[in-house]
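Undergrad: no letters, just coordinates:
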């Protein structure tokens with residue numbers, strides 16, 4: 001059983017418990033529902049985001065189809081949730097009204113904004129247990145506009161309401177539409193048939209500019225809901241396969257396209273562009289004896305060579321510019337050989353340790369200062 005079918009089975013059971021297991025004001029006489037299965041591999045989402053705005057105000061306690069409007073509205077959202085495939089959309093569920101008419105939470109974002117998960121959305125929908133209070137639709141619309149500020153792409157706003165007591169709230173819907181323009185569409189679904197509600201929600205649909213007003217009674221059966229979901233959310237076409245993730249062939253934590261030093265030995269510490277970080281081994285003036293401060297670094301080099309038995313290194317010796325060229329060539333080679341002996345004594349085969357002396361031909365700092373000369377008295381380690 002695939003993930004979506006499992007979730008839909010869970011939601012079907014949840015819906016049955018909701019429709020027929022409530023102790024008070026349970027919905028009765030609603031058409032049975034078995035969600036249509038969309039093949040997610042044959043569709044892609046035409047929207048990047050969607051928000052469901054659910055009316056939980058006191059007028060939603062009035063009768064509709066033999067049930068409180070609020071229960072019918074929840075049934076609509078549940079059936080839509082059971083039908084819609086998870087395609088990576090960012091989703092939210094926002095309600096307004098609630099039983100406490102003086103609550104600070106006149107509108108609440110109960111779910112999202114996060115990647116759509118039908119089971120998670122169903123759980124949050126179940127948290128809205130009762131309708132009551134006034135109808136702050138405008139506040140919900142403005143809050144929804146804020147919910148979207150960090151997102152991009154196209155957004156569908158599904159409004160499930162009776163449309164009553166909201167005449168003054170069209171301005172907020174207009175404001176949000178002006179803010180997002182063609183990137184946002186409103187899809188109002190009226191619960192009930194009150195003329196006042198029809199007029200208001202038709203106005204909201206007109207402001208949205210994408211669809212006409214729908215009625216909850218027309219979306220109860222599986223085929224009608226599937227047609228609505230397909231129209232609002234889906235378009236046919238196989239989604240483009242995700243681009244293959246760039247490889248990190250040498251395992252140094254830097255992806256191949258960014259790695260300026262491919263083939264870094266395993267376990268080596270690298271910089272931001274993937275190159276093995278090695279400090280130079282420094283020496284006192286006219287000396288070829290390794291300073292104790294360099295032992296830890298050379299031990300790390302030994303460990304890398306142990307982990308990479310096919311790798312060899314070249315040890316390049318250097319000096320400052322005090323003394324003759326001939327003398328410094330010999331001194332630089334002795335320094336390189338000192339480092340080779342240290343590693344050989346650790347157990348690295350000498351044939352993996354090439355040594356070269358460059359004398360004072362390749363300074364890395366000015367020889368006119370004591371500090372500069374100290375940096376030039378060095379051995380560089382180069383893997384090959």
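TA: Arrived safely, thanks for sending. Just so it is clear, the structure is predicted and the values come from calculations on it, not from any experiment.

Undergrad: ok, which stretches of the stretch 101-250 of the chain are strands?
TA: Assigned by DSSP state E, counting those that start in this stretch, the stretch 101-250 of the chain shows strands spanning 107-115, 155-161, 184-190, 214-215, 234-236.

Undergrad: tell me which of the ones you listed sits nearest to residue 149.
TA: strand 107-115 (9.9 Å; C-beta to C-beta). Backbone N, C-alpha and C define where each C-beta goes, glycine included.

Undergrad: what's that closest one packed up against?
TA: strand 49-56, strand 90-97, helix 118-125, helix 137-147 (3 or more C-beta pairs under 8 Å, 6 or more residues apart in numbering; DSSP states H and E).

Undergrad: and the ones you listed as CSV, adding distance to residue 236 and mean neighbour count?
TA: Putting the helices and strands packed on strand 107-115 into CSV (distance: least, C-beta to C-beta, whole Å; neighbours: other C-beta atoms under 10 Å) gives the following:
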stretch, distance to residue 236, mean neighbour count
strand 49-56, 18, 25
strand 90-97, 21, 25
helix 118-125, 21, 19
helix 137-147, 29, 21
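
Undergrad: which stretches of the stretch 151-300 of the chain form helices?
TA: Taking DSSP state H, counting those that start in this stretch, the helices of the stretch 151-300 of the chain run over residues 170-180, 195-208, 222-233, 295-307.

Undergrad: show residues contacting the shortest one.
TA: Looking back up the chat, that one is helix 170-180. 137-139, 141-142, 144-145, 148, 155, 184, 186, 200, 203-204, 207-209 (C-beta atoms under 8 Å, 6 or more residues apart in numbering).

Undergrad: kindly recompute the last result at 10 Å.
TA: For helix 170-180, contacts defined as C-beta atoms under 10 Å, 6 or more residues apart in numbering pick out 136-146, 148-149, 151, 154-155, 157, 159, 166, 183-186, 188, 200, 203-209.

Undergrad: about what we covered before: out of the strands of the stretch 101-250 of the chain, nearest to residue 380?
TA: Of all the strands of the stretch 101-250 of the chain, the one in closest proximity to residue 380, counting by C-beta to C-beta, is strand 107-115 (49.9 Å).

Undergrad: and that closest one, what's buried?
TA: Within strand 107-115, the residues that count as buried by 16 or more other C-beta atoms under 10 Å are 107-113.

Undergrad: quick check, nearest of those to residue 32?
TA: The closest of those, once distances to residue 32 are taken by C-beta to C-beta, is residue 111, at 26.1 Å.

Undergrad: let me know the pLDDT of the closest one.
TA: In this model, residue 111 is scored at 94, pLDDT.

Undergrad: how about residue 144?
TA: 95.

Undergrad: list the contacts for it?
TA: 51-53, 92, 94, 96, 107, 109, 113, 155, 157, 159, 172-173, 176, 184.

Undergrad: on that earlier part again, how about the buried residues of strand 107-115 in TSV, adding distance to residue 32?
TA: As requested, the buried residues of strand 107-115 are exported to TSV (distance: C-beta to C-beta, whole Å):
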residue	distance to residue 32
107	33
108	31
109	32
110	27
111	26
112	29
113	33
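
Undergrad: still on that earlier bit, adding distance to residue 345, write the strands of the stretch 101-250 of the chain out as JSON lines.
TA: Shown next, in JSON lines, are the strands of the stretch 101-250 of the chain (distance: least, C-beta to C-beta, whole Å):
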{"stretch": "strand 107-115", "distance to residue 345": "57"}
{"stretch": "strand 155-161", "distance to residue 345": "68"}
{"stretch": "strand 184-190", "distance to residue 345": "72"}
{"stretch": "strand 214-215", "distance to residue 345": "83"}
{"stretch": "strand 234-236", "distance to residue 345": "70"}
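
Undergrad: quick one: closest of these to residue 39.
TA: Nearest to residue 39 among those is strand 234-236; the distance by C-beta to C-beta comes to 10.0 Å.

Undergrad: so which elements touch the closest one?
TA: strand 43-45 (3 or more C-beta pairs under 10 Å, 6 or more residues apart in numbering; DSSP states H and E).

Undergrad: contact partners of the strand it packs on?
TA: 84-89, 116, 153-154, 156, 230, 233-240.

Undergrad: cutoff 7 Å now
TA: 85, 87-89, 233-237, 239 (C-beta atoms under 7 Å, 6 or more residues apart in numbering).

Undergrad: ok now the helix or strand where residue 339 lies, how far from the chain's centre?
TA: Per DSSP states H and E: residue 339 is located in helix 325-346. Mean-position distance between helix 325-346 and its chain equals 53 Å (C-alpha atoms, centre = their mean, to the nearest Å).

Undergrad: show me which residues of the helix or strand that that helix is followed by are buried.
TA: Under the assignment DSSP H and E, the closest C-terminal helix or strand after helix 325-346 is strand 353-357. Under the neighbour-count criterion of 16+ other C-beta under 10 Å, strand 353-357 has 353, 355, 357 buried.

Undergrad: now render those residues as TSV, adding distance to residue 36 and pLDDT.
TA: Below are those laid out as TSV (distance: C-beta to C-beta, whole Å; pLDDT from 0 to 100):
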residue	distance to residue 36	pLDDT
353	71	96
355	75	97
357	79	96
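
Undergrad: JSON lines please, covering those residues and showing distance to residue 336.
TA: Shown next, in JSON lines, are these (distance: C-beta to C-beta, whole Å):
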{"residue": "353", "distance to residue 336": "9"}
{"residue": "355", "distance to residue 336": "4"}
{"residue": "357", "distance to residue 336": "6"}
